[in-house]
Every structure is written in C-alpha cells, then in structure tokens.
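S.K.: Quick check, what structure comes out for this input:
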Amino acid sequence: MARDLVTCALALILPIPAFAAPGPKDSDKPLSPATPAQRDTSANHLKQIGLAMHNYHDTYGHLPANILAKGGKAGLSWRVAILPFIEENALYNQFKLDQPWDSEHNLKLAEQLPRMYTPVRGKAEKGETFYQMFAGKSTMLGPDGKGIPLAAVTDGLSNTFMVVEGGKPVTWTKPDDLPYDGKYLPKLGGMFDGEFHALFGDGAVRRIPKGMDSDVLKYLIDRADGQVVNVEESIKKAQGKE
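M.R.: From the prediction side, this is the model:
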C-alpha cells in the first residue's frame, strides 16, 4: 500500500513527456534570399527559350501554340512543341501529340522536366515550371493549334512580352498559361521577390520590378495596341531611380 502511494506521488511530480510539435512543411518555409547565380540561370533559361521560339518560327513560319488533341480538345503545351529546339528531341519523340497532356501515356512524361524549364527558386512540385506565356486575344500566344507570325507583333518585338516567370508554377506539359483579358493582370514573379524576368519578342531578357505601372505592363503584354513603351525608362521609374 505504501509503495502504491509513493508511485502515485511520483506520477504527480514527474513531468509528462510532451510530444514534439510538427515542424513546418517545406511549402510553408520562407525562401532563402535569391542569389545572383539564380537570377543569371533563370535569365539564361529564358534566352534559350527565346532562341528556340525564333528557330521554331524560322522552321514553320509562325510561333508555337498549344497543341490540339483529337477532337479539337486542349492537348499539350507550347513548351512541348519547342522541345526539338532546346535539344530535347528524344523526349519530344516520346509524346503522343494527338493525346491530351493528362492521358495515361503523356502524363507519365510530365515528370521528366527539361533542364530549361526547371525552377531555380520558388515553391514548385515535381514537373512544374514558372515559365509561361500570356494567353489572350492580342498576346504572343496564338489560339490553340494556331501560332501567330512575328509580323503580327505590330507594336515591335522589343516592346512585347513573349515568356515570363509566372506567379504560380504549372505542369510544364499542360496547356496552362497566364490568362489575360486586357483588363486584369495575372500574378507574376513566383521565383523572385519584388521582380520577375521577362523574355521579349526580340530575344532580350530583362528584370521587371513588380511595382511597374499596370498600364505599362498591359502595353507590353498586348502585341498590337499601338502603344510603344520605353522599357528602360519604365523600369527605372518603377525602381524609384527617377
């Protein structure tokens, strides 16, 4: 009896072991500061994508568009269409172009993310990329299955966005881009804080501050609105250097 009383007393005195609180998920952890090397790598990816776009145009007479599957349904992304032009012929030949991106066959290939589309920073799942085009009536991404010729970029190639770092990653094989209706701007810059890299139609890549005037961004998205932008001055103004 005495022993039982001692045991009960100790149980009241000794602390009950606490369970460790679960740590934050990787997706909840803040990103480490961006490095110059990461910025340079992303800019180089975009330059190579731009070169591929122009080589595609030289070959077919128009820019790539999203590939249509059987029955006119959305199939595969323009990112798949330019694979032969970024030294990914072997991967391109594995796709069934008449099937959608999420068919049993093509979905397996989504895990094989090409180096050129790999995020250098930001929170993305396996097979996702931040590199996207704007999808709208007067953007450089034509309707599915119908790429536009560069001659249709009447505002000038140096004044029009071709590919940018989107705010959220997408599956690289999916025909999923930044919707633009001429009114509302989609979220941009998911890889770097305060800025995003943009590939222009002439192949130049620039770092665009997220604080740039919304009207200027709209002018740069629309390929035929008649608005010519002084890009460098707009960047400086957004950075508060004027």
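
S.K.: Please tell me how far stretch 89-103 is from the chain's geometric centre.
M.R.: Taking C-alpha atoms, centre = their mean, to the nearest Å, one finds the center of stretch 89-103 at 20 Å from the center of the full chain.

S.K.: Likewise for stretch 209-221?
M.R.: Stretch 209-221 sits 18 Å away from the centroid of its parent chain (C-alpha atoms, centre = their mean).

S.K.: Over to stretch 231-242?
M.R.: On C-alpha atoms, centre = their mean, the centre of stretch 231-242 falls 24 Å from the chain's centre.

S.K.: With stretch 218-225 instead?
M.R.: That offset, for stretch 218-225, works out to 19 Å (C-alpha atoms, centre = their mean).

S.K.: pLDDT averaged over that stretch, what's the number?
M.R.: The average pLDDT for stretch 218-225 rounds to 97.

S.K.: go on, stretch 134-153?
M.R.: 94.

S.K.: Any chance you could list what contacts that stretch?
M.R.: Residues outside stretch 134-153 that contact it (C-beta atoms under 8 Å, 6 or more residues apart in numbering): 57, 60-68, 72, 74-75, 78, 133, 157, 160-162, 164, 175, 177-182, 186, 201, 221-225. C-beta: built from backbone N, CA, C; applies to glycine.

S.K.: and what of stretch 66-75?
M.R.: 76-78, 80-81, 97-101, 103, 141, 144-145, 175, 177.

S.K.: could you flag which of those residues are buried?
M.R.: In terms of neighbour count (16 or more other C-beta atoms under 10 Å), the buried residues within the contacts of stretch 66-75 are 76-78, 80-81, 99-101, 103, 141, 144, 175, 177.

S.K.: just checking, which of the residues you listed belong to helices?
M.R.: Among the buried ones among the contacts of stretch 66-75, the members falling in helices (DSSP state H) are Trp78, Val80, Ala81.

S.K.: JSON lines for the buried ones among the contacts of stretch 66-75, including distance to Met191?
M.R.: Output for these, formatted as JSON lines (distance: C-beta to C-beta, whole Å):
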{"residue": "Leu76", "distance to Met191": "23"}
{"residue": "Ser77", "distance to Met191": "18"}
{"residue": "Trp78", "distance to Met191": "20"}
{"residue": "Val80", "distance to Met191": "21"}
{"residue": "Ala81", "distance to Met191": "23"}
{"residue": "Gln99", "distance to Met191": "30"}
{"residue": "Pro100", "distance to Met191": "27"}
{"residue": "Trp101", "distance to Met191": "22"}
{"residue": "Ser103", "distance to Met191": "29"}
{"residue": "Leu141", "distance to Met191": "20"}
{"residue": "Asp144", "distance to Met191": "27"}
{"residue": "Pro175", "distance to Met191": "21"}
{"residue": "Asp177", "distance to Met191": "16"}
